[in-house]
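Engineer: Need coordinates for the following:
(chains A, B, C and D)
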Protein chains: 2
Amino acid sequence: MEKHQHVINMEKIKNIKEVESDICEEMAVLYKMFADPTRIKIMQVLQNNELNVCEIAYLLNMNHSAISHQLATLKIVNLVKSHKVGKEVYYSLADEHIAKILSIGCEHVLEDK
Amino acid sequence: MEKHQHVINMEKIKNIKEVESDICEEMAVLYKMFADPTRIKIMQVLQNNELNVCEIAYLLNMNHSAISHQLATLKIVNLVKSHKVGKEVYYSLADEHIAKILSIGCEHVLEDK
DNA sequence: CTAACATATGAGCACTTGTTCACATATTCA
DNA sequence: TGAATATGTGAACAAGTGCTCATATGTTAG
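Structural biologist: Sure thing, here's the model as predicted:
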């Protein structure tokens, strides 16, 4: 006799494919990047634009340091890329996937109105 | 004279449409739900399945209470819905949007291999 | 070289979050 | 009714996070 004999429908459960923990962890890491308003704003202004830290900070009306920190975390997980021009560092989105993720989330939010 | 006269390219900046803070906040709230492995796993097993708390806890090999807490938060933001059958409460995904968001994140993660 | 500027980064802090534990509530069945 | 089961929930705690401040590094112009 098992612990859960009453409520768990084993026939049903049996056919559900097992969750892959590693993949779920990585997905969570990815979505975590989208789980902060500042990072969303940064990625939003970087859509179709290459901007330096100063410009982003100006557009979002925020501290340079805060932006720089966030850009660093976005870069670690390969959501943005950068290249240096003199003292300035220009950032852009790393791939088109990101814009797609943003737009789906945006749609979902707007739908609820 | 302004504070940022050197680095900010006003011509470029001018054409970037302003970020809508409210929408970004809501998007962040949405993505926050996907920013935790447990919640991702829950939503994953709920794809195409209606499951009660006990079944989900069994599948994920986790505490009933942890699952119940997470389901409560998922329900508040309308990502899952539930209906009661006797003492059991069956949960399912609230809409198809959710599966789409999950699959895009999954794709992105798998692509990096 | 020095001053000015752009960016990066570490420490510190307030705040949030996910889990567990203990208990409450709800439902069924004997 | 009372025992057993399923779920919900508040408190507490450890861990994580985002911002600010101070400072470091890097770059250019004078």
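Engineer: list the buried ones in the longest helix seen in chain A?
Structural biologist: Ranked by residue count and defined by DSSP state H, the top helix of chain A is helix A:96-111. Of the residues in helix A:96-111, A:97-98, A:101-102, A:104-106, A:108-109 count as buried by neighbour count, 16 or more other C-beta atoms under 10 Å in any protein chain shown. For glycine as for every other residue, the C-beta is placed from the backbone atoms N, C-alpha and C.
Engineer: so which of these comes closest to B:Tyr90?
Structural biologist: Taking C-beta to C-beta as the measure, B:Tyr90 sits nearest to A:His108 out of the buried residues of helix A:96-111, at 23.6 Å.
Engineer: pLDDT (mean, whole number) over stretch A:80-100?
Structural biologist: Mean per-residue pLDDT for stretch A:80-100: 95.
Engineer: go on, stretch A:55-73?
Structural biologist: Across stretch A:55-73, the average pLDDT comes to 97.
Engineer: Start and end of it, how far apart?
Structural biologist: With C-alpha to C-alpha, to the nearest Å as the measure, stretch A:55-73 spans 18 Å from end to end.
Engineer: Only the buried residues of it, if you could.
Structural biologist: A:55-60, A:67, A:70-71.
Engineer: B:Glu50: which of the buried residues of helix A:96-111 is nearest?
Structural biologist: Out of these, the member with the shortest distance to B:Glu50 (by C-beta to C-beta) is A:His108, at 21.9 Å.
Engineer: related to what we said a few turns ago, for the longest helix of chain A, name the packing helices and strands.
Structural biologist: helix A:37-46, helix B:21-33, helix B:96-111 (3 or more C-beta pairs under 8 Å, 6 or more residues apart in numbering or on different chains; DSSP states H and E).
Engineer: Report whether the first one contacts chain B.
Structural biologist: Right, helix A:37-46. Yes: on the criterion C-beta under 8 Å from any C-beta of the partner chain, helix A:37-46 is in touch with chain B at A:37, A:40-41, A:44-45.
Engineer: Need the residues that contact that helix.
Structural biologist: A:33-34, A:51, A:56, A:59-60, A:62, A:66-67, A:70-71, A:73-74, A:79-80, A:91-93, A:98, A:102, B:16, B:19, B:21, B:24-25, B:27-28, B:31 (C-beta atoms under 8 Å, 6 or more residues apart in numbering or on different chains).
Engineer: For B:Asn9, which of the helices and strands packed on helix A:96-111 is the nearest?
Structural biologist: helix A:37-46 (13.0 Å).
Engineer: ok now the following helix or strand past that closest one, how far from the chain's centre?
Structural biologist: Later in the chain than helix A:37-46, the nearest helix or strand by DSSP states H and E is strand A:51-52. Here strand A:51-52 shows a centroid-to-chain-centroid distance of 19 Å under the convention C-alpha atoms, centre = their mean, to the nearest Å.
Engineer: quick one: contacts of strand A:51-52?
Structural biologist: With C-beta under 8 Å, 6+ apart as the test, strand A:51-52 has contacts from A:45, A:59, A:85, A:88-92, B:7, B:12.
Engineer: cutoff 6 Å now
Structural biologist: In this structure, residues lying in contact with strand A:51-52 by C-beta atoms under 6 Å, 6 or more residues apart in numbering or on different chains are A:88-90.
Engineer: ok, then the element right after it?
Structural biologist: Next along from strand A:51-52, by DSSP H and E: helix A:53-60.
Engineer: wait, A:Glu50 sits on A:Ser92?
Structural biologist: Yes: counting by C-beta atoms under 6 Å, A:Glu50 does reach A:Ser92; the two are 4.6 Å apart.
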